[in-house]
Every structure is written in C-alpha cells, then in structure tokens.
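# structure for this input, please:
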Amino acid sequence: MFIFLDTETDKFAPGYMEPELACLQYAVNDGPVRILPAGVAADKIEELLGKWLSDNQTVLVGHNR
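Model prediction:
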C-alpha cells in the first residue's frame, strides 16, 4: 500500500522553529485526497501515522514544495 502525504504547519519564525501542525493531507494508493485538520482530528492523525509507521507493507511518500 502507498500512502501519499503532506502536512501544513503554522509559519516558522525566529525562536519558533517547531510550529504547530495545522493539517494532514493524504491519499491511499490512487484514492481520493483526504484532509484532516489538526485542531479537530489530532487523535485520528496520531492513530493513522502510528498505523502506517508500524506496517512494513506500507510505503510512505512525502510531498514538500
């Protein structure tokens, strides 16, 4: 299984180099893109990341521009 993912955060700034997570966008294989806002879905995001990272059949593909 392939998971294509990206995250958005608050802006980086001097003295603020670990900004809060704003959302997670992801797609499983060639499925639809899903967006989970961190403010309301933090537990779900943590659950998904834990599941993906512990499954050796899952390939994570990160996107960054």
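# which pLDDT does the model give Leu36?
For Leu36, the pLDDT comes out at 96.
# what about the residue nearest the centre of the chain, which helix or strand?
Most central in the chain under Cα atoms, centre = their mean is Leu24, positioned 3.8 Å from the mean C-alpha point. Using DSSP states H and E, Leu24 maps to strand 21-28.
# following that strand, which helix or strand comes up?
strand 34-37.
# parallel or antiparallel, list what pairs with that next one.
Here strand 34-37 has these sheet partners by DSSP bridges: strand 21-28 (antiparallel).
# quick one: average pLDDT of the strand it pairs with?
95.
# same check on stretch 45-62?
So the average pLDDT for stretch 45-62 ends up being 95.
# same question, stretch 3-10
94.
# just the buried positions in that stretch, please.
Within stretch 3-10, the residues scored as buried using 16 or more other Cβ atoms under 10 Å are 3-7. No exception for glycine: its C-beta is placed from N, CA and C like everyone else's.
# ok now it, how far from the chain's centre?
Its chain's C-alpha centre and that of stretch 3-10 lie 4 Å apart, by Cα atoms, centre = their mean, to the nearest Å.
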